[in-house]
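Novice: I would like to see how this sequence folds:
(2 chains)
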Amino acid sequence: DQQVKQNSPSLSVQEGRISILNCDYTNSMFDYFLWYKKYPAEGPTFLISISSIKDKNEDGRFTVFLNKSAKHLSLHIVPSQPGDSAVYFCAASAREYGNKLVFGAGTILRVKS
Amino acid sequence: DAGVIQSPRHEVTEMGQEVTLRCKPISGHNSLFWYRQTMMRGLELLIYFNNNVPIDDSGMPEDRFSAKMPNASFSTLKIQPSEPRDSAVYFCASSYGEKLFFGSGTQLSVL
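Specialist: Residues are numbered from 1 along each chain as shown, chains lettered A, B, ... in the order given. The predicted structure follows:
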């Protein structure tokens, strides 16, 4: 049973526009959420995170929004750039589970120039 | 710091052979994780260690899979015997806290 779901396998966006990647989770124990970016032939790298005590965290062009009641989070990238083209993984953890991260299946983002 | 180092980068083997994947975590990190990436399921956690002790191996698919961490700077993931359905990218990651740092992965192909 997938506890973290990314229902869109891929997304295509025009350069300069906003990219919105979505993630849903089922386990209400999750209290920390992260987004990772992965380029081909490389390992995932940390992008941005949010604690369950917040509903928004912003870092430059990247903003993560958390809706706890809906068990939903989203990553906004604005403006999108061709270098943002990658696979984006949503991940979640719970204090009770230690540092164990549960990942979604990923969304392939393609930013067209 | 060189980051998490995995070897080999690519491994091609025949069904039935033993495969050993290696990982050197970032110095000072106290947790180490083995993940497997597949198209269908994304990144699946296989096993993780805390202070060299296996904490959760519930993600290990079968008894054919085993992992060790004999010291803080080295871990192995072994598949014996390997099967074609084991073909995937295997990632090692280490952490001190909630953010994981990943290696570049081992692309395993079992023919």
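
Novice: Could I get the full set of strands for chain B?
Specialist: B:5-7, B:10-13, B:19-24, B:31-38, B:42-50, B:53-56, B:65-71, B:74-79, B:88-95, B:100-102, B:106-110 (DSSP state E).

Novice: Can you list the strands that the fourth one pairs with?
Specialist: When pairing is defined by DSSP bridges, strand B:31-38 lines up against strand B:42-50 (antiparallel), strand B:88-95 (antiparallel).

Novice: now the angle from the shortest one to strand B:65-71?
Specialist: Orientation check (axes from the mean of the first three to the mean of the last three Cα atoms, to 10 degrees): strand B:88-95 against strand B:65-71 gives 30 degrees.

Novice: Between the two ends of stretch B:2-9, what distance do you get?
Specialist: One end of stretch B:2-9 sits 15 Å from the other (Cα to Cα, to the nearest Å).

Novice: ok, now stretch A:29-42?
Specialist: 30 Å.

Novice: cool, stretch B:15-29 as well?
Specialist: 35 Å.

Novice: among the strands paired with strand B:31-38, where is the model least confident on average?
Specialist: Here the strands paired with strand B:31-38 differ in mean pLDDT, and the lowest is strand B:42-50 at a mean of 93.

Novice: Can you give the distance of that one from its chain's centre?
Specialist: 8 Å (Cα atoms, centre = their mean, to the nearest Å).

Novice: What residues sit buried inside it?
Specialist: For strand B:42-50, burial by neighbour count (16 or more other Cβ atoms under 10 Å in any protein chain shown) applies to B:42, B:43, B:44, B:45, B:46, B:47, B:48, B:49, B:50. Just so you know, the C-beta spots here come from the backbone N, C-alpha and C atoms, and that holds for glycine as well.

Novice: Format these as a markdown table; extra columns: distance to residue A:23.
Specialist: Formatted as a markdown table, these follow (distance: Cβ to Cβ, whole Å):
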| residue | distance to residue A:23 |
| --- | --- |
| B:42 | 11 |
| B:43 | 13 |
| B:44 | 17 |
| B:45 | 17 |
| B:46 | 22 |
| B:47 | 24 |
| B:48 | 22 |
| B:49 | 27 |
| B:50 | 26 |
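
Novice: which among these gets closest to residue A:8?
Specialist: Distance to residue A:8, by Cβ to Cβ, is smallest for residue B:42 among these, at 12.7 Å.

Novice: partners of that closest one in the sheet?
Specialist: With DSSP bridges as the rule, residue B:42 is bridged to residue B:38.

Novice: tell me the contacts of it?
Specialist: A:6, A:89, A:103, A:104, A:105, A:106 (Cβ atoms under 8 Å, 6 or more residues apart in numbering or on different chains).

Novice: hmm, try it at 7 Å
Specialist: For residue B:42, the contact set (Cβ atoms under 7 Å, 6 or more residues apart in numbering or on different chains) comprises A:89, A:103, A:104, A:105, A:106.

Novice: cool, residue B:77 as well?
Specialist: B:21, B:34, B:67, B:90.

Novice: Excluding covalently adjacent residues, which one is nearest to the first one?
Specialist: Take residue B:21 and drop its neighbours on the chain: the residue closest to it by Cβ to Cβ, 6 or more residues apart in numbering or on different chains is residue B:77, 4.4 Å away.

Novice: any idea how far the one you found lies from residue B:68?
Specialist: 8 Å (Cβ to Cβ, to the nearest Å).

Novice: same question, residue A:26
Specialist: 32 Å.

Novice: neighbour-wise, which of these two wins?
Specialist: Applying other Cβ atoms under 10 Å in any protein chain shown to residue A:26 and residue B:68 shows that residue B:68 carries more neighbours, namely 15 against 12.
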